[in-house]
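Visitor: no sequence for this one, just the structure:
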């Protein structure tokens, strides 16, 4: 009953340390044209990925280059490390979570060899996308250029 009166808002912290970019800068039309959803991208300065929210791990891709999360309020987020990293077939990636695991903002999800991604992938830019935008009422992106994983707030999302 009290849930009806609660303000449903999610705070999304940066899952990586690095430079914040708009999705339009991502060299992949699926992300740049927001076909998968709205969000932001991070140009990583190291190879550590943490959870941007409190919630549950929905999926860890077999190649460990991407992870899907669902927040406690129902917001779904995809973190896709680099562009065309699926072609690395998991080389240089390590997953520390699996589907069904509960996570808090800042918990370790993945690690990757940044130098390898920079060398072998199309781009290290990492899209962070809300994949179920239909539950979003309002989205506010912070105007921040550099982010620290697990602590820098990058978005506040009000849910329907």
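Guide: That came through, no problem. Keep in mind that what you see is a predicted model, and the values were worked out from it rather than measured.
Visitor: counting neighbours, what do you get for the spatially closest residue to residue 102 that is not a sequence neighbour?
Guide: Using CB to CB, 6 or more residues apart in numbering and skipping residues adjacent in sequence, the residue nearest residue 102 is residue 56, 5.8 Å away. Every residue, glycine included, has its C-beta placed from N, CA and C. Residue 56 has 17 neighbours, counted by other CB atoms under 10 Å.
Visitor: these two touch, right, residue 56 and residue 100?
Guide: Yes: Residue 56 is in contact with residue 100 according to CB atoms under 8 Å; the separation is 6.8 Å.
Visitor: which strand or helix spans the residue nearest to residue 102?
Guide: strand 55-60 (DSSP states H and E).
Visitor: helices and strands around that strand, which ones?
Guide: With contacts taken as 3 or more CB pairs under 8 Å, 6 or more residues apart in numbering; DSSP states H and E, strand 55-60 sits against strand 66-71, strand 102-103, strand 108-112.
Visitor: run the angle between the longest one and strand 55-60 for me.
Guide: In other words, strand 66-71. Put simply, strand 66-71 runs at 150 degrees to strand 55-60, going by axes from the mean of the first three to the mean of the last three CA atoms, to 10 degrees.
Visitor: could you give the mean pLDDT of strand 66-71?
Guide: Throughout strand 66-71, pLDDT has a mean value of 98.
Visitor: now do the last one
Guide: Per-residue pLDDT values across strand 108-112 average out to 98.
Visitor: that one: which residues count as buried?
Guide: Neighbour counts over strand 108-112 (16 or more other CB atoms under 10 Å) mark 108, 109, 110, 111, 112 as buried.
Visitor: just the closest of these to residue 28, please.
Guide: residue 112 (17.4 Å; CB to CB).
Visitor: and the contacts of the lengthiest helix in the chain?
Guide: In the chain, with assignment by DSSP state H, the single longest helix is helix 114-120. The contact list for helix 114-120 (CB atoms under 8 Å, 6 or more residues apart in numbering) reads 44, 45, 46, 47, 81, 82, 85, 87, 88, 91, 92, 124.
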